[in-house]
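**Q** return a 3D structure for these sequence lines:
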Amino acid sequence: IDALHACSGKRFNYNTYKLLALSITFWAYCLFHATRKPPSVVKSVLKGDQQLATGKQQQDGDTPVNYGWAPFNAPNGQSLLGQVDLAFLAAYAAGMFCAGHMGDRTDLRVFLSAGMVGSGLCCAFVGMAYLWDIHSMSYFTWFMIAGGVFQSTGWPSVVSIMANWYGKGKRGLVMGIWNAHTSLGNILGTVIAAACLQYGWGYAFIVPGVLISLLGLVVFATLVVQPADVGLSSNSYEPLPPSKSVDGGTASIEQVQLLADGTLRTARSSQGRLETIRLSSSRQLKPLDPHDFQEYDDHDGKDKADAESSEGVGFWQAWAIPGVSSFAFCLFFSKLIAYTFLYWLPYYIKSTPIEGRMLSAKQAGDLSTLFDVGGVAGGIMAGHLSDKSGASALVATGFTVASVPFLYLYRYYGNISFGINVVLMMICGFCVNGPYALITTAVSADLGTHESLAGNAKALATVTAIIDGMGSIGAAIGPMLTGYISDTTGFDGVFLMLYIAALMAGLLLARLCIKEVGVKNCSVDSSALAVALIPYN
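**A** Okay, here's the model as predicted:
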């Protein structure tokens, strides 16, 4: 940061730091998701089209002759692939609960960057099995477990950092747009992994692993976790130079701050005493009452001290926050659906003929990115509707229930033509990703600053970890069950599981939906009463 200040010739203002935090956390979590996509892209390559014991893949142009990779090319290969997914996601879910607790008590900059470097190394070591000709199931399992633990540091960290810089005003919309990193990361991970298949499946893991490790070093060097870390208060202001002229009037002061509420706060006035002054309607600076005097240095010092001294809430105390358990269990089923698509969609597309044509692994991976394109729009729309209505539970429920008929249509009519497949896939992504994005971002941040916490800002990572941790348990179970179900009953059974999960996600928010409808009705009744009481002229 000091180097950036030196290059620009001046210190950054509040909004610059705010934009920097948004950009860094966006790309950090984008690459977290990019490193999760290689397993889904290489599944069909590891499984193979022929059941051979071992052997590296021969190549025909940019499409490998797919003999598979032991032990995954055995008759139970899909189950083994599901077990590898389970190892990663179970470790991720377990690590999430611990990561939130640790994140509230450590430097999030160090915590996040260490998780990124560790995730990258684990991802790269999985890919090295191709170069080192490793076929041990335990090798893949242990590195996926380690990768899951490191990945769990990401989400609680980035959500907490964003909540430190962005208030509740339009948090749903801002977080919805920001949460596009999830889908963009999935798209980038798929494209990179698919492009690397021509060189061997191992490079699909190595390249994303190297990228996230390098970005982790950038995060360590440049990320500002909260305003207090750079001497700013939680209010946005612009420093003004001494003796700044304001519409012809001069304020002879040493330092002036323009706060978000319109107050100009000074460190020293021309009379040598500390005071707070406000810009009046006549554009002149007038002293306020002495009781309102504030000292700039003391105020900032208090902000920083409060940020450093406040303690995180306990695990069970966070569970007791109203709404946490309902949204946590809803996310369990929402992420079960989302991660089933994340890990199995390219394999499903490759194994299902479209217009009577079978696609290659690369073509299936590229086509699957359209699910995430729809997901970007779904996340933004869900956040916008939540901001406008103030009813997050209703919005999330609407999306989850709407996903059921479109999932059904995609399963039974998506193979008619490429056009129908693309449209239905994008709509499914829109409906599936909407509540997932809303709950993991804006809802988690709002609950982490709930009024019951009495202003404790260090509950964010714990609450976020609880909600996303429960979701991650569902994310672990979904892909694992998909491997077993597809081996026994085919993908009809898999889609039946997805229908049930979507309905359960909606039912779990029913109580909160009823409460939100009641609040809306009371608000409408109060407004009508107020209008009725206005006297006629």
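
**Q** can you list the weak-confidence ranges in the stretch 151-300 of the chain?
**A** Scanning the stretch 151-300 of the chain for pLDDT under 70 picks out the ranges 167-173, 233-300.

**Q** residue boundaries of the helices in it?
**A** 154-165, 171-178, 180-196, 203-222, 296-309 (DSSP state H, counting those that start in this stretch).

**Q** who are the packing partners of the first one?
**A** Just to be clear, that refers to helix 154-165. Counting by 3 or more CB pairs under 8 Å, 6 or more residues apart in numbering; DSSP states H and E, the packing neighbours recorded for helix 154-165 are helix 14-34, helix 77-103, helix 108-132, helix 171-178, helix 444-448, helix 460-488. For the C-beta atoms, the positions are set from N, CA and C on the backbone; glycine is no exception.

**Q** so which of the helices of the stretch 151-300 of the chain gets nearest Gly118?
**A** Across those, the minimum distance to Gly118, taken as CB to CB, is reached by helix 203-222, at 8.3 Å.

**Q** now do the buried residues in that closest one.
**A** 203-209, 211-213, 215-216, 219, 222 (16 or more other CB atoms under 10 Å).

**Q** what does that helix contact?
**A** Residues from elsewhere that reach helix 203-222 (CB atoms under 8 Å, 6 or more residues apart in numbering): 1, 4, 20, 24, 27-28, 31-32, 34-35, 37-38, 41-42, 109-110, 112-117, 119-128, 130, 189, 192-194, 196-197.

**Q** circling back to that earlier point, make JSON lines out of the helices and strands packed on helix 154-165 and add distance to Thr340.
**A** Putting these into JSON lines (distance: least, CB to CB, whole Å) gives the following:
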{"stretch": "helix 14-34", "distance to Thr340": "15"}
{"stretch": "helix 77-103", "distance to Thr340": "10"}
{"stretch": "helix 108-132", "distance to Thr340": "21"}
{"stretch": "helix 171-178", "distance to Thr340": "22"}
{"stretch": "helix 444-448", "distance to Thr340": "22"}
{"stretch": "helix 460-488", "distance to Thr340": "4"}
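
**Q** nearest to Ser386, of the ones you listed?
**A** The stretch from these with the least distance to Ser386 (CB to CB) is helix 171-178; that distance is 3.9 Å.

**Q** and the contacts of helix 203-222, which are buried?
**A** Among the contacts of helix 203-222, those classed as buried by 16+ other CB under 10 Å are 20, 24, 27-28, 31-32, 34-35, 37-38, 41-42, 109, 112-117, 119-127, 130, 189, 192-194, 196-197.

**Q** going by mean pLDDT, which of the helices and strands packed on helix 154-165 comes out lowest?
**A** Taking the mean pLDDT of each of these, the lowest value is held by helix 444-448, a mean of 55.

**Q** mind listing the strands for the stretch 351-500 of the chain?
**A** In the stretch 351-500 of the chain, no segments count as strands under DSSP state E, counting those that start in this stretch.

**Q** now do Phe72, the pLDDT please.
**A** Looking at Phe72, its pLDDT is 86.

**Q** tell me the secondary structure for it?
**A** Three-state secondary structure (criterion: DSSP: H, G, I helix; E, B strand; the rest coil) places Phe72 in coil.

**Q** residues contacting the closest residue to it other than its chain neighbours?
**A** Once its chain neighbours are removed from consideration, Phe72 has its nearest residue in Leu46; the separation is 4.0 Å (CB to CB, 6 or more residues apart in numbering). The neighbourhood of Leu46, defined by CB under 8 Å, 6+ apart, consists of Gly68, Trp69, Phe72, Asn73, Gly77, Leu81, Trp201.

**Q** ok, the fifth one touching Lys47?
**A** In other words, Gly77. Yes: counting by CB atoms under 8 Å, Lys47 is a contact partner of Gly77 at 4.6 Å.

**Q** can you list residues touching both of the two?
**A** Overlap between the contact sets of Gly77 and Lys47, as judged by CB under 8 Å, 6+ apart, is given by Gly68.

**Q** the closest residue to Gly185 other than its chain neighbours: neighbour count?
**A** Closest residue to Gly185 in three dimensions, ignoring its sequence neighbours and counting by CB to CB, 6+ apart: His33, at 2.9 Å. Other residues within reach of His33, judged by other CB atoms under 10 Å, total 23.

**Q** got a list of what His33 touches?
**A** Residues in contact with His33, defined by CB under 8 Å, 6+ apart, are His181, Thr182, Leu184, Gly185, Asn186, Gly189.
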